[in-house]
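J.: Using only what follows, build the 3D model:
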Amino acid sequence: MNPIRIRPWLVAILVACMFGAAARPAAADDDPPSRVARLSFLRGSVSFQPAGEQEWVEAVANRPLTSGDSLWVDSGGRAELHVGSTAIRLAERTSLTILDLSDHTLQLSLSQGSIIVSLRHLDDDDLFETDTPNLAFSLLRPGEYRLDVSDDGGSTAASVWKGQGQATGGGRTYSVIAGQQARFTGTEELGYEISPVPPADGFGGWSSERDRREDQADTSNYVSRELTGYEDLDDSGRWRYVASYGMVWEPVGVPAGWAPYRFGRWVWIEPWGWTWVDEQPWGFAPFHYGRWAFAGTGWVWIPGPVVVRPVYAPALVVFVGGSPGVGWFPLGPGEVFVPAYRVSPVYVRNVNVTNTHVDVERVNNVYRHYTTQSPAGATRLTYVNQQVPGAVTAVSRETFVNARPVARNTVEFNREEVARAPVSHMASLAPERGSLAAGRPVPAAAQPPAAARGRRVVSNRMPPPPPPSFSQREPALHVNPGQPAPRSEAAPVSRGPGAAAEPLSPPAARGEPAPVARGGAAGQAAAPAPANAAPVARPAPIERVGTPEAQTNPPPARTPEPHPNVQIAPPVRQQTQQESQEEQRKFDQWQQQRQQQQQKSSAQPGAKSQEKPQEKEKQPKDKPTTGRPPQ
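T.: Residues are numbered from 1 along each chain as shown. Below is the predicted model:
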């Protein structure tokens, strides 16, 4: 292995990367979503298509998914997504696309196959909608739901074990309540039948077992259930108390030489940019939330305050080094994360105060240190983990930008020089096509059928259009390496050759004067974090966290561009008397059938309920797999 030497010319490059050029103020519209979907489990052949791309690759567990990403589960496979406490499980031969994932919206496209949704929490202003080829199905209450779309897209069955849903299509709306299965056929006009929820099959039983596992998770005593990935920590570590930090989580059974952000790879995911994808089965929550500290003889993860929804971050690290290589180490308790992507000051505060115990004024100071000071007047920031032996990981540029496994490709470096070297909040490396996914390309046989890929779905709302392809964005990404294009400046969708997105600008603070931190200068080490706060009695919206910034003269709303695979449901028309009578007849028939089922079940001791999925086939203990690494 070749050692990386920190030379004077490299120091100059680092300083330039840290402070950048003059920047324009960032608008709140450029803030990325505060949450993502996690690919938490996969079995068998599961393929993934990044937003805006045509190529399908092997899906890899712990990959963050966002708007525009697609999954295909082939015959014999299964997969599971988590968005906070919400679980979305995919059966075999299922084609699913995330149309829109934002702070309050989760909109899915199900063009073929079956999904089960366990919705644990739904705020009044939240929208959860699944669009199929003949209807849009909205989840109105927390509960358990199943949707089945036929291979030809001609029918959709909506089952509700708990909760309430609403189907919209063909100019009508239909309410589906707990205990009902509604089957819809047609497109221009929907025909429908309602019946009791049928007995659970193997897919329903597997989903029920996964739910019971989450219900019993001890980690929910220490973090919010809206912290994506919490459910996998119980099997791979233990909680203990550490003075100054409170309750911390300690991983067990990690590989030799393990350190945070070493066993995994870097992937380019917009709008965040460089994103860490860990290969450990539990490797999501501790790498996108909280902070790491070296306590006693090993590393511990400190989740920070318990809030309703911690703000997701692509990787909570500090970078050191540059061409020909790059290194990094984890942020410690109370240390400030400064995004490489352009965001508002409100976002910077929220992504920090929801993930570690830190004063808001200190967040403001460190943010301005990186985004407004000139190199000549810069004050050196200090980070506790930079001095911890074995904390810094370094790789070559080729390993970093091509999403190669880090642990098997690390390089040696002079520890003393790295400990003294300047640090940066970003890796100033432009992505390449190989940066988009960690999995290998899959053959056509492992991709969704052409009919399912091109099938349009019916929706109540128009989601954002797919982003430009990487080839369209690539020129702009080389203008400011390491920074994704702001969402408000993204190029419009084009299926043919087109112009690249506008050059992007580095993060910038607004024009208000910088406050003086009570803890001292920006470079002063943070005080030890207090013990973890107790869980709040009732979750509060994320907007209540931190110090809101007054919004004056908000920009006018932009007219959304149409999504090529989405059509808006026709306006709901007035129900005729005949339709109303028919609906009453079907409801009465369902009630009668349900009563007969309940009487039959009562007469058979030990009979399984049809109202909730039960395990019907013996399943091996489920743990996420990391997929096969690229060769």
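J.: quick one: low-confidence ranges for the stretch 401-550 of the chain?
T.: For the stretch 401-550 of the chain, the stretches flagged by pLDDT under 70 are 487-550.
J.: what about 80?
T.: Across the stretch 401-550 of the chain, the ranges flagged by pLDDT under 80 are 414-422, 438, 486-550.
J.: Let me see the ranges of the strands in it.
T.: Listed in chain order, the strands found in the stretch 401-550 of the chain under DSSP state E, counting those that start in this stretch are 457-459.
J.: before we move on, what about the stretch 101-250 of the chain?
T.: With DSSP E, counting those that start in this stretch as the criterion, the stretch 101-250 of the chain has strands at 105-119, 127-131, 136-139, 143-149, 155-162, 164-169, 172-177, 180-185, 191-196, 237-242, 246-251.
J.: what sits up against the fourth one?
T.: Read it as strand 143-149. 110-119, 130, 132-133, 137, 139, 155-165, 178, 204, 211, 612-613 (C-beta atoms under 8 Å, 6 or more residues apart in numbering). Where C-beta positions appear, they are placed from N, C-alpha and C, glycine not excepted.
J.: Could you tell me the angle between the direction of it and that of strand 172-177?
T.: Angle between the axes of strand 143-149 and strand 172-177 is 130 degrees (criterion: axes from the mean of the first three to the mean of the last three C-alpha atoms, to 10 degrees).
J.: what does the first one give?
T.: Between the axis of strand 105-119 and that of strand 172-177 there is an angle of 30 degrees, by the same axes, to 10 degrees.
J.: residues touching Lys162, list them.
T.: Under the criterion of C-beta under 8 Å, 6+ apart, the neighbours of Lys162 are 142-144, 178, 612.
J.: between those residues, which is closest to Gly229?
T.: Using C-beta to C-beta, Pro142 is the member of the contacts of Lys162 that lies nearest Gly229, at 19.9 Å.
J.: Distance of that closest one relative to Phe287?
T.: Pro142 sits at a distance of 28 Å from Phe287 (criterion: C-beta to C-beta, to the nearest Å).
J.: among the strands of the stretch 101-250 of the chain, which is nearest Lys600?
T.: Nearest to Lys600, of all the strands of the stretch 101-250 of the chain, is strand 191-196, at 10.9 Å by C-beta to C-beta.
J.: out of the contacts of Lys162, which are buried?
T.: 142-144, 178, 612 (16 or more other C-beta atoms under 10 Å).
J.: Columns pLDDT and distance to Gln577 on top of those residues, output as TSV?
T.: Output for those, formatted as TSV (pLDDT from 0 to 100; distance: C-beta to C-beta, whole Å):
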residue	pLDDT	distance to Gln577
Pro142	98	35
Gly143	98	32
Glu144	98	35
Ala178	96	28
Lys612	54	37
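J.: Nearest to Arg404, out of the residues you listed: which one, please.
T.: Among the buried ones among the contacts of Lys162, and counting by C-beta to C-beta, the member closest to Arg404 is Glu144, at 40.1 Å.
J.: I'd like to know how far the closest one sits from Asp234.
T.: 22 Å.
J.: Could you do Thr372 as well?
T.: Taking C-beta to C-beta, one finds Thr372 at 43 Å from Asp234.
J.: can you check Ala37 too?
T.: 21 Å.
J.: what do you get for Gly434?
T.: Gly434 is 35 Å from Asp234, by C-beta to C-beta.
J.: Could you check which of the two is surrounded by more residues?
T.: Asp234 (18 against 15; other C-beta atoms under 10 Å).
J.: Quick check, the more buried one in contact with Asp218.
T.: Yes. Counting by C-beta atoms under 8 Å, Asp218 is a contact partner of Asp234 at 5.3 Å.
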